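Asker: Got a predicted model here, sequence first, then my questions.
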Amino acid sequence: MAAISRRRVSALFRDGLNGGTTTEQGRILEDLICYVFSRVSGISIFKRNILNVFDTEEIDVAFWNDRLITGLPFLPNVLLVECKNWHNPVGSQEVSYFANRLRNRGCDFGILVATNGITGTASDLTAARFQMATALREGQRIMVITREELEELSHSRQLSTLLKRKICELVVSGTTLV
């Protein structure tokens, strides 16, 4: 387990906001996620911006997880991450699309980094939250991580704790509470 530089996280968010294009803003968020996850024992970047063989679906970041006891042993070996550095919450269409990409790859777990959260309300399961509940019913667990949560991290152990809490919240409540 290792320290996470809040200064570096803030600088990357600032760079992302100042990015010239949405593609550049997205790549900077991917850089940030690679930095944060690489601070966890046993996590390594496998590939970034990978298209499937049909050139129809892209995965932003793929991590390999050695599942070390000091790392993220409760998560699968392959961790797929979708990054949305948007000014608005991510909508149901994008959540559904990510769930479909996971399903097409035989994955039951994925991480959606949505800097401003997702749409809908947890209590009514509207909009994107409905898609989260639907994915869960189909055996997929999609974790949503926000900018605010990333900015609070100062140690990789906190990322592990955050993910554990989110998994429990998702499974117990049937949706994400973010």
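Answerer: Structure received.

Asker: how many neighbours does V53 have?
Answerer: Per other Cβ atoms under 10 Å, the neighbour tally for V53 reads 6. All C-beta atoms are positioned from the backbone trio N, CA, C, and that covers glycine.

Asker: now swap in L150 and tell me
Answerer: If we define neighbours as other Cβ under 10 Å, then L150 has 22 of them.

Asker: That one and R141, how far apart?
Answerer: According to Cβ to Cβ, to the nearest Å, L150 stands 19 Å off from R141.

Asker: Looking at T126 now. What's its pLDDT?
Answerer: Looking at T126, its pLDDT stands at 81.

Asker: likewise N65?
Answerer: 98.

Asker: Stretch 148-159: which residues count as buried?
Answerer: By neighbour count on 16 or more other Cβ atoms under 10 Å, the buried set for stretch 148-159 is 149-150, 153, 156-157, 159.

Asker: for the chain, what spans make up the strands?
Answerer: 43-51, 58-65, 78-84, 109-114, 141-145 (DSSP state E).

Asker: Note down every partner strand of the last one and its orientation.
Answerer: According to DSSP bridges, the neighbouring strands of strand 141-145, each with its direction, are strand 109-114 (parallel).

Asker: what angle sits between the partner strand and strand 78-84?
Answerer: 20 degrees (axes from the mean of the first three to the mean of the last three Cα atoms, to 10 degrees).

Asker: from the chain's centre, how far out does strand 109-114 sit?
Answerer: On the basis of Cα atoms, centre = their mean, to the nearest Å, strand 109-114 sits 3 Å off its chain's mean C-alpha point.

Asker: Where does pLDDT dip in the chain?
Answerer: Along the chain, the model assigns pLDDT under 70 to residues 1, 175-178.

Asker: Which residue ranges of it form helices?
Answerer: For the chain, the helices defined by DSSP state H cover 6-17, 22-38, 92-104, 127-137, 147-152, 156-173.
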